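Student: Sequence plus predicted model, see below.
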Amino acid sequence: MILTKAGSLVSLSIRDHRELAPGTLRKLVRLSGMSVEEFQAALLERPS
């Protein structure tokens, strides 16, 4: 899955697994430049 943020040059490639290691998830949130809440909302809004 690839997440993008409008106006940002960064896109994240996230493996679509049931579980991610906590450190991996923390790093992805930090790299995204989003708050944890924004990151969660982006994951929930993605197409199935």
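Tutor: Yep, that arrived. Numbering: from 1, shown residues only.
Student: From start to finish, how long is stretch 24-38 in a straight line?
Tutor: 17 Å (C-alpha to C-alpha, to the nearest Å).
Student: in that stretch, what's buried?
Tutor: For stretch 24-38, burial by neighbour count (16 or more other C-beta atoms under 10 Å) applies to Leu28, Val29, Ser32, Met34. C-beta: built from backbone N, CA, C; applies to glycine.
Student: Turn these into CSV, columns for distance to Glu45 and secondary structure.
Tutor: Output for the buried residues of stretch 24-38, formatted as CSV (distance: C-beta to C-beta, whole Å; DSSP: H, G, I helix; E, B strand; the rest coil):
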residue, distance to Glu45, secondary structure
Leu28, 16, helix
Val29, 16, helix
Ser32, 14, helix
Met34, 12, coil
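Student: Find the pair from these with maximum spatial separation.
Tutor: Leu28 and Met34 (9.6 Å; C-beta to C-beta).
Student: residue boundaries of the strands in this protein?
Tutor: 2-4, 11-13 (DSSP state E).
Student: Please tell me how far Thr24 sits from Met34.
Tutor: 16 Å (C-beta to C-beta, to the nearest Å).
Student: go on, Arg18?
Tutor: For Arg18 relative to Met34 (C-beta to C-beta), the value is 22 Å.
Student: And Asp16, by the same measure?
Tutor: 19 Å.
Student: again, but for Gln40
Tutor: Applying C-beta to C-beta, the value for Gln40 to Met34 is 9 Å.
Student: Kindly report the same for Ala21.
Tutor: With C-beta to C-beta as the criterion, Ala21 and Met34 are 19 Å apart.
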